[in-house]
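> model this:
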Amino acid sequence: VSTHNQGTFKLPFALSPSYWTSGGDLETVEQQRAWRVAVLLFISLLFHNFPEGLAVAASAIESDKLGLAVTIGIMLHNIPEGISIAVPCLAARPNQPWLAFALASLSGLAEPMGAFMTLQLLDNGGTATPDMNLMGNVLALVAGIMVTVSLRELFPEAKRQISSRKNTSVFNVGIVSGFLIMSLTEWYLA
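Residues are numbered from 1 along each chain as shown. From the prediction side, this is the model:
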């Protein structure tokens, strides 16, 4: 519901850009920092999930076995992706758990959109073939987004969170575990 003040139109605060970009309504710097991480992850995973939908659809068209393997691999890594959005969102806005759920869910909805688009592009009377240059450019764009978010936001935030503790081995175990899980998944599905 909008309000009028001396003839000027004001957006509800949740629709204003400062709500989404800076967390201007939040009380502490910690909450604002957590909100920034949540929004950046939401946006980057939105872009990241779209080509995953492309991959699921294309692999399912190639073969049922490959489609199932890719679907399971992507499904398994989508769980921590949703958690990675929800946790900083809840840290920033603990009284809005549905917002954390909504952002995590919305980022995942880009995947079926990517799959649907792929199926539409590939189903042109059986004669259409995917443009692999376009696919390569999309995947490179997504990789660039994820690497940038990881290096500029996630790693520094994780180090900042762990710096207050004396035992930093959890940080190292997390990095190695994430690398091993994704590497083993890639190896198993190959």
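> What's the local residue count around I61?
As a burial measure, I61 scores 15 neighbours (other Cβ atoms under 10 Å). (Glycine included, C-beta is placed from N, CA and C.)
> That one: what secondary structure?
Assigned state for I61: helix (three-state reduction, DSSP: H, G, I helix; E, B strand; the rest coil).
> how near is the residue most central in space within the chain to V149?
The residue lying closest to the centre of the chain (Cα atoms, centre = their mean) is L45, at 1.8 Å. Going from L45 to V149 by Cβ to Cβ, to the nearest Å gives 9 Å.
> sorry, back to before: who are the neighbours in contact with the residue nearest to the centre of the chain?
By Cβ atoms under 8 Å, 6 or more residues apart in numbering, the residues touching L45 are E81, S84, I85, S107, A110.
> Which helix or which strand is home to it?
helix 29-62 (DSSP states H and E).
> Flag every buried residue along that helix.
31-60 (16 or more other Cβ atoms under 10 Å).
> Stretch 73-82 too?
Using 16+ other Cβ under 10 Å as the test for burial, stretch 73-82 gives G73, I74, N78, E81, G82.
> Run through who's touching it.
Against stretch 73-82 from outside (Cβ under 8 Å, 6+ apart): 45, 48-49, 52, 55-56, 104-105, 107-108, 111, 181-182, 185-186, 188-189.
> Please apply the same query to stretch 30-41.
Contacts of stretch 30-41 (Cβ under 8 Å, 6+ apart): 20-23, 26, 84-85, 88-89, 91-93, 100, 103, 107, 149, 153-154, 157.
> cool, stretch 95-104 as well?
In this structure, residues lying in contact with stretch 95-104 by Cβ under 8 Å, 6+ apart are A38, F42, E81, G82, I83, I85, A86, V87, C89, L90, R93.
> Any idea how many residues pack against the fifth one?
One way to gauge burial is a neighbour count; for I83, by other Cβ under 10 Å, it gives 11.
> doesn't L54 make contact with V70?
No - using Cβ atoms under 8 Å as the test, V70 is too far from L54 to be in contact (10.6 Å).
> Keeping just the C-alphas, turn stretch 148-160 into PDB.
What follows is stretch 148-160 as a C-alpha-only set of coordinates in PDB (Å, rounded to 0.1, in the frame of the first residue of the first chain):
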ATOM      1  CA  THR A 148      33.500 -13.000  -8.600                       C
ATOM      2  CA  VAL A 149      30.900 -13.500  -5.900                       C
ATOM      3  CA  SER A 150      33.000 -16.300  -4.300                       C
ATOM      4  CA  LEU A 151      36.300 -14.300  -4.300                       C
ATOM      5  CA  ARG A 152      34.900 -10.900  -3.500                       C
ATOM      6  CA  GLU A 153      32.000 -11.800  -1.100                       C
ATOM      7  CA  LEU A 154      31.900 -15.400   0.200                       C
ATOM      8  CA  PHE A 155      35.600 -16.000   1.000                       C
ATOM      9  CA  PRO A 156      36.100 -12.600   2.700                       C
ATOM     10  CA  GLU A 157      32.800 -13.000   4.700                       C
ATOM     11  CA  ALA A 158      33.700 -16.600   5.700                       C
ATOM     12  CA  LYS A 159      37.200 -15.400   6.800                       C
ATOM     13  CA  ARG A 160      35.600 -12.500   8.700                       C
END
